[in-house]
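Undergrad: Curious how this folds, go ahead:
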Amino acid sequence: MNCIHENMVENTDIGILQCYSCGYIEEIILFTVEYKNYSSVTKRCSVINNKQNKGFRKIISDSNISLHESTLSSSEYKFNMIIKDIKIKKEIIRGSERKALAAACCFYTFMEYGNPKTSNEICKIFNIHRKMMSHGQTNVLCSFPKFRILHVNAENITKNILTKIGITDDYNSTEIIKFISYIKNSSVKIIRSNPESVAASCIYYYLSHSGSYKKCENIEVKKTEDLKYYTKLIGVSEITINNILKEIKIVII
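TA: Coordinates of the predicted model:
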């Protein structure tokens, strides 16, 4: 005799109705808040058992990004705190917005640890648009207003640029930072330029005019004497570098 399933019991933990008489299982639709249950691999209203699926580390893993554990943990803490604040406001962020938030958390963690990266650099790492990155940064600052005092400037990204071209010498770094501090407020055009462009231009000028390239025995560093190669390596346009170099020459003269 066929069971008519009169003894159906709802199990909302796994999203099913089950008949205790015959074991028949039927999937149910849950009308809970969608962001709690959403998963790309299940139906939009089905419960997912692993709540880490949409977490910070999942975003990092899916984006194939490698981070030091301390950076990962600190950024994850920020991310989770911001998500809690957003839930309290009864707002929802998902997909690219979550990815942008993860990127913004990393941006401020790098600055906290004294190894700042520019917004453009973070956008390239996470493959997101600058507008989304800006939105993520706004969310971070809403939950962590203390970060408003943190800014990327020409001096604090100098070592990052020098590392890209293969220079790790502390003496050179110190002298270049002194040169940048002198140049960065020397003209209206330089003041209005973004920090990465100013730092990159000052580094190239210093290396070219201080004899550093001639003295250098590192073949990879010597390659950067070619401006086209240098700009490609650091990700700043040749036109931008040339424009700021002209300003630097006027100031030095």
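Undergrad: What helix or strand is the closest residue in space to residue 190 that isn't next to it in sequence located in?
TA: Leaving aside its sequence neighbours, residue 190 sits nearest to residue 247 (CB to CB, 6 or more residues apart in numbering; 5.3 Å). In this view, the C-beta of every residue, glycine as well, is placed from N, C-alpha and C. Per DSSP states H and E, residue 247 falls inside helix 238-252.
Undergrad: Quick one: residues contacting residue 213.
TA: 207, 221, 222, 225 (CB atoms under 8 Å, 6 or more residues apart in numbering).
Undergrad: Next, the buried residues of the strand or helix carrying the second one.
TA: Following DSSP H and E, the helix or strand that holds residue 221 is helix 219-223. By neighbour count, and taking 16 or more other CB atoms under 10 Å as the criterion, the buried residues in helix 219-223 are residue 221.
Undergrad: Distance check, the spatially most central residue of the chain against residue 64.
TA: With distances taken as CA atoms, centre = their mean, residue 103 lies nearest the centre of the chain, 3.1 Å away. Going from residue 103 to residue 64 by CB to CB, to the nearest Å gives 14 Å.
Undergrad: same deal with residue 201?
TA: 32 Å.
Undergrad: Of those two, give the one with the bigger neighbour count.
TA: A count of neighbours by other CB atoms under 10 Å puts residue 201 above the other of residue 201 and residue 64, at 25 against 8.
Undergrad: hang on, that one is in a strand, isn't it?
TA: No: remark: residue 201 does not belong to a strand; assigned using DSSP: H, G, I helix; E, B strand; the rest coil, it is helix.
Undergrad: just checking, it touches residue 248?
TA: Yes: counting by CB atoms under 8 Å, residue 201 does reach residue 248; the two are 6.5 Å apart.
Undergrad: so how many other residues sit close to residue 113?
TA: Using other CB under 10 Å, residue 113 has 12 neighbouring residues.
Undergrad: circling back to that earlier point, which residues does the helix holding residue 247 contact?
TA: 183, 186-187, 189-190, 193, 197-198, 200-202, 204-205, 227-228, 230-231.
Undergrad: How much space separates the nearest residue to residue 187 once chain neighbours are set aside from residue 197?
TA: Counting by CB to CB, 6+ apart, residue 187 lies nearest to residue 247, which is 5.1 Å off, once chain neighbours are set aside. Distance from residue 247 to residue 197, counting by CB to CB: 11 Å.
Undergrad: what comes into contact with the top helix by length along the chain?
TA: Secondary structure of the chain read by DSSP state H shows that its longest helix is helix 69-88. With contact meaning CB under 8 Å, 6+ apart, helix 69-88 is reached by 55-57, 60, 67, 92-93, 101-102, 105-106, 108-110, 112-113, 139-140, 142-144.
Undergrad: Now which of those would you call buried?
TA: Using 16+ other CB under 10 Å as the threshold, 55-56, 60, 67, 93, 101-102, 105-106, 108-110, 139-140, 143-144 are the buried ones among the contacts of helix 69-88.
Undergrad: which ones among the contacts of helix 238-252 are found in helices?
TA: Counting by DSSP H, those contribute 183, 189-190, 197-198, 200-202, 204-205, 227-228, 230-231 to helices.
Undergrad: Just the buried ones from the residues you listed, in ChimeraX syntax?
TA: Per 16+ other CB under 10 Å, the buried members of the ones in helices among the contacts of helix 238-252 correspond to this ChimeraX selection:
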select :183,190,197,198,200,201,202,204,205,230,231
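Undergrad: follow-up on the earlier one: report the rounded mean pLDDT for whichever helix or strand comes after the longest helix of the chain.
TA: The helix or strand immediately downstream of helix 69-88 is helix 96-112, counting by DSSP H and E. For helix 96-112, mean pLDDT rounds to 94.
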